[in-house]
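Visitor: make a model of this:
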Amino acid sequence: MKKNKNQKSGDNVLVYTTHPETMGSLFSGLFEEEKSTKDLGLRVRVILEKKHRGGKTATVIKGLESLPDQDLGEIGKALKQLCGVGGSAKEGEIILQGDQVVKAVDYLVKIGYKDTKKGGG
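Guide: Take a look at the predicted model:
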């Protein structure tokens, strides 16, 4: 076997393998979902509301009461940036200006909240 000029004598270079243990170690961690530990069994509902808002629509995300205020604020900030709107995050709710239901549901499912659905009034 010829050695490459750049290859040191102690280097082991793997070119091809079908050994199951080696294949498992090569691809471990590549196909795992990011932040999959966030799902705490929370039932998150995303609702479109018009009540008490002067006729303007707002997207309200309910079911995050058990989250610390810091985590709630981070999720709220990320959603506001994603949707390009204003809003607030307090008392276990995130409120976004306008109809942002689809974007909010998609984002929450992406970050790991599996039981996230559009809710009724």
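Visitor: next SSE after the lowest-mean-pLDDT helix or strand in the chain?
Guide: Least confident element among the helices and strands of the chain, by mean pLDDT, DSSP states H and E: helix 20-26 (a mean of 65). Once the chain leaves helix 20-26, the next helix or strand it forms, by DSSP states H and E, is strand 44-49.
Visitor: ok, that next one: who's next to it in the sheet?
Guide: strand 58-62 (antiparallel), strand 116-118 (parallel) (DSSP bridges).
Visitor: how about residues contacting the first one?
Guide: Strand 58-62 has contacts (C-beta atoms under 8 Å, 6 or more residues apart in numbering) with 44-50, 79, 87, 92-101, 104, 108, 119. Where you see a C-beta, it was placed from the backbone N, CA and C, and this is true even at glycine.
Visitor: okay, now the spatially closest residue to residue 108 that is not a sequence neighbour: neighbour count?
Guide: Spatial nearest neighbour of residue 108, excluding adjacent residues (C-beta to C-beta, 6 or more residues apart in numbering): residue 116 at 4.4 Å. For residue 116, the number of neighbouring residues by other C-beta atoms under 10 Å comes to 23.
Visitor: who does residue 116 form a beta bridge with?
Guide: residue 44.
Visitor: is it in contact with residue 75, as I believe?
Guide: No. The pair residue 116 / residue 75 is not scored as a contact, 11.6 Å apart, by C-beta atoms under 8 Å.
Visitor: quick check: neighbours shared by these two?
Guide: Common neighbours of residue 116 and residue 75, counting by C-beta under 8 Å, 6+ apart, are residue 108.
Visitor: dump the residue contacts of the residue lying closest to residue 64 once chain neighbours are set aside.
Guide: Closest residue to residue 64 apart from its sequence neighbours, by C-beta to C-beta, 6+ apart: residue 92 at 5.2 Å. Applying C-beta under 8 Å, 6+ apart to residue 92 gives the contacts 62-67, 72.
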